[in-house]
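Colleague: Pasting the sequence and the predicted coordinates here, then a few questions.
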Amino acid sequence: MNDPETQSPQSFLWGNFFQRDPEKDIFTLLRGVPIFEGLSRSDLKAVERILHRRKYHAGEYIFREGDPGLGMYIIEKGEVSIVSESRSTEISRLGKGEFFGEMALFNERPRSASALAYEDTKCFGFFQPDLSGLLETRPRIGVKVVAKLASILAERLYKANAENVRLISRLALKDMP
Amino acid sequence: MMTNTKILIVLLFLIVAALLALTVYTIGSIVAMFLLAMLFAFVIGPAVDWLESHGIPRMVASTVMFLLSLGAFGLVFYVISPLVYEQLLSLQERVSFGEMRKSIPQLERELVRHFSFLGVRKLHLTTKIEDLISTVFDNVLNIASGLVGIVIFVVMTLISTFFLLKDGRKLKKSLIEIVPNQFFEMSLSIVHKIDWSLGAYLRGILMDAFVIGLLTTFAMWLLDVPNFVLIGLVAAFANLVPYLGPPTAALTASTISVITLGTFTQVPLILVTFTLIRLLDDSVVQPLTISQSVKLHPLTIIFTILIGAQLFGLFGMLFAVPVAGVVKVVASELFLGLKRYRAVY
């Protein structure tokens, strides 16, 4: 269907000059990221303008454990492995549309794990200075993003608390005579 | 032992420094134009951000603020320049024809009478002051003769300012895009911190100079010192040079008063006023405008001024300390950034 030889001249021209490159159309991808949920197309356009598009080869580090945290990444293509270098273990493997490092948007505490491109990967970086800039110049969008981030982090805290309670009660049961 | 990364960073740093030095040496005026445009963009930038935060597109916000600033500058120039020109002319007339010819010999006699115990006999003050003033006026004329060059410089600076206001962020993003992945986060963090600190520092010193210029003009007007607008301008520019600047401005005001009036009566009041303005600057204005972390050591300031004077004369002297401040801000943020990312220890 996309072969130029089988296409009519009109559709060939249309495809070459007017159709968007699917790789460049990142709005669909961003819409799927919980942090940007509920943003309109024009809001997403403003967000897209401040994102940094980066390419990583397989085996290349995106960031290292212990580096100061600066922001988060959204995977556009490929796979990223989150590894603990101190314990030499893979914590998780993330794919297209997933994101990591979002805690670093709020403080510069050292990264708790490393992010490694498992295969050739493309990511969008969203960083503290850009979030501050968004809050200053487009506060309406900035607040929506921060509120979403807060809700995601609150949800995680809630789950971590529940897990804590579960572990403490298991320990208490073990200690019982 | 240094790792390959550290050697690479040191090498890159040296190459960048050498390239910068070469660029400044060969195309100094273009670099100066770009730096001036950056300075304007740093000053006007927050107002553009503010307009943008109220829903106005960046392009429109930049155009509006650019035109408003241009208008404000034009208005100030329109109001101030005739005053300065008039005061310069009156000063020149007094010096060349009028009161100075009568007052200086009288002043010289007074000085010889009071300081004869130091061996003061003949000072030739009239000739020396006339020589000095003709040199200053010649310099002003030289500057005016290069008017075409100045117009091109100003127009290009204004165009660059507009584009830096409108597309500064895009430019920064494109620059960061070319950084290798290994140094990407570090570069982004350092560039942002330099941008923030530099903006705060430049806005601070300009605001400080503006307040001091205004205060001095007002105080000199109250004291009925002649050429008060001229003295205010000198004080504002001299304020860019710590330690040496304020005494120079006080000396200029005293000299103008003595030359014009032929008496020392206003000098004590002028000196007291400048001391009070200095105290006010140190205790109120500077803490509000300039970050304490950018303060330079007095020895650094003296050597910086000497180097500036040696390289670029009067303008070098005037702008040496702000440039040193900029270098300090950039270097310290760069060093802190490299340290945080463990590129240096």
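Modeller: Good, I have the coordinates. Numbers count the residues shown, from 1 in each chain, chains lettered A, B, ... in the order given.

Colleague: Quick check on B:I256: phi, psi?
Modeller: phi -60, psi -40 (degrees, to the nearest 10).

Colleague: all strands for chain A, in order.
Modeller: Under the criterion DSSP state E, chain A contains strands at A:52-56, A:61-63, A:71-77, A:80-84, A:89-94, A:99-100, A:114-117, A:121-127.

Colleague: Now render these as JSON lines, adding mean neighbour count and mean pLDDT.
Modeller: (Glycine included, C-beta is placed from N, CA and C.) Below are these laid out as JSON lines (neighbours: other CB atoms under 10 Å in any protein chain shown; pLDDT from 0 to 100):
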{"stretch": "strand A:52-56", "mean neighbour count": "18", "mean pLDDT": "93"}
{"stretch": "strand A:61-63", "mean neighbour count": "21", "mean pLDDT": "92"}
{"stretch": "strand A:71-77", "mean neighbour count": "22", "mean pLDDT": "92"}
{"stretch": "strand A:80-84", "mean neighbour count": "20", "mean pLDDT": "93"}
{"stretch": "strand A:89-94", "mean neighbour count": "13", "mean pLDDT": "91"}
{"stretch": "strand A:99-100", "mean neighbour count": "20", "mean pLDDT": "90"}
{"stretch": "strand A:114-117", "mean neighbour count": "22", "mean pLDDT": "93"}
{"stretch": "strand A:121-127", "mean neighbour count": "23", "mean pLDDT": "93"}
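
Colleague: Redo the ones you listed as CSV? Include distance to chain B.
Modeller: Shown next, in CSV, are these (distance: least, CB to the nearest CB, whole Å):
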stretch, distance to chain B
strand A:52-56, 6
strand A:61-63, 6
strand A:71-77, 8
strand A:80-84, 13
strand A:89-94, 17
strand A:99-100, 14
strand A:114-117, 9
strand A:121-127, 6
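
Colleague: Looking at chain A, which residue is nearest chain B?
Modeller: For chain A and chain B, the shortest gap (CB to the nearest CB) falls at A:P129, measuring 3.8 Å.

Colleague: In contact with that residue: list those residues for me.
Modeller: By CB atoms under 8 Å, 6 or more residues apart in numbering or on different chains, the contact set of A:P129 is B:L188, B:S189, B:H192.

Colleague: tell me the angle the host helix or strand of the second one makes with strand A:52-56.
Modeller: Take DSSP states H and E as the rule and B:S189 turns out to sit in helix B:181-222. Helix B:181-222 runs at 150 degrees relative to strand A:52-56, counting by axes from the mean of the first three to the mean of the last three CA atoms, to 10 degrees.

Colleague: coming back round to it: cross-check the contacts of A:P129 against chain A and keep the overlap.
Modeller: Residues of the contacts of A:P129 in contact with chain A (CB under 8 Å from any CB of the partner chain): B:L188, B:S189, B:H192.

Colleague: next SSE after the helix or strand that contains B:L12?
Modeller: B:L12 belongs to helix B:4-26 when assigned by DSSP H and E. Once the chain leaves helix B:4-26, the next helix or strand it forms, by DSSP H and E, is helix B:28-53.

Colleague: same for that next one, what does it pack against?
Modeller: Judged by 3 or more CB pairs under 8 Å, 6 or more residues apart in numbering or on different chains; DSSP states H and E, helix B:28-53 is in contact with helix A:128-137, helix B:58-96, helix B:147-177, helix B:181-222.

Colleague: Tell me which of these approaches A:K122 most closely.
Modeller: helix B:181-222 (11.8 Å; CB to CB).

Colleague: Quick check: mean pLDDT of that closest one?
Modeller: For helix B:181-222, mean pLDDT rounds to 87.

Colleague: Can you name the element that comes right after that helix?
Modeller: helix B:228-238.

Colleague: What is the neighbour count of the residue lying closest to A:L149 once chain neighbours are set aside?
Modeller: Spatial nearest neighbour of A:L149, chain neighbours left out: A:I35 (5.7 Å); criterion: CB to CB, 6 or more residues apart in numbering or on different chains. For A:I35, the count of nearby residues is 22 (other CB atoms under 10 Å in any protein chain shown).

Colleague: wait, B:S90 sits on B:N227?
Modeller: Yes. Using CB atoms under 8 Å, B:S90 is in contact with B:N227, at 7.2 Å.

Colleague: Those two - which one has more neighbours?
Modeller: B:N227 (24 against 15).

Colleague: Can you name the residues that contact that one?
Modeller: B:Q87, B:S90, B:L91, B:I256, B:T260.

Colleague: Highest neighbour count among the residues you listed?
Modeller: Highest neighbour count within these, by other CB under 10 Å: B:I256, with 24 neighbours.

Colleague: separation between it and B:L88?
Modeller: 11 Å (CB to CB, to the nearest Å).

Colleague: So for the two, which residues contact both of them?
Modeller: B:L230.

Colleague: For chain A, what's the nearest residue on chain B?
Modeller: For chain B, CB to the nearest CB, closest residue to chain A: B:H192, 3.8 Å.

Colleague: That residue: neighbouring residues, count only.
Modeller: 21.

Colleague: Chain A against chain B: which residues are in contact?
Modeller: Those residues of chain A that sit near chain B, judged by CB under 8 Å from any CB, are A:50, A:52-56, A:60-63, A:66-68, A:70-71, A:108, A:125, A:127-129, A:133, A:136-139.

Colleague: Do I have it right that B:L223 meets B:V267?
Modeller: No. B:L223 lies out of contact with B:V267 (CB under 8 Å); the separation is 10.8 Å.

Colleague: Now do the shared contacts for these two.
Modeller: Common neighbours of B:L223 and B:V267 (CB under 8 Å, 6+ apart) do not exist.

Colleague: tell me the mean pLDDT over stretch B:337-345?
Modeller: For stretch B:337-345, mean pLDDT is 70.

Colleague: do stretch B:289-301 as well
Modeller: 71.

Colleague: next one: stretch B:156-172
Modeller: Mean predicted confidence for stretch B:156-172 is 89.

Colleague: Is it positioned near chain A?
Modeller: Yes. Interface with chain A: stretch B:156-172 contributes B:R169 (CB under 8 Å from any CB).

Colleague: residue contacts, A:L135?
Modeller: A:G142, A:V143, A:V146.

Colleague: can we see that at 7 Å?
Modeller: Contacts for A:L135 (CB atoms under 7 Å, 6 or more residues apart in numbering or on different chains) come out as A:G142.

Colleague: Ok, B:Q106 next?
Modeller: B:G262.

Colleague: Name the helix or strand for it, please.
Modeller: For B:Q106, the element it lies in under DSSP H and E is helix B:99-114.

Colleague: Other residues contacting stretch A:111-122?
Modeller: A:53, A:55-67, A:69, A:73, A:75-85, A:91, A:93, A:100-101, A:104.

Colleague: Apply 6 Å and report the result again.
Modeller: A:55-58, A:60-65, A:67, A:69, A:76-85, A:91, A:100 (CB atoms under 6 Å, 6 or more residues apart in numbering or on different chains).

Colleague: can you check stretch A:61-79 too?
Modeller: A:33, A:56, A:85, A:93-96, A:98-102, A:104-105, A:108-111, A:113-116, A:118-128, B:185, B:189, B:340.
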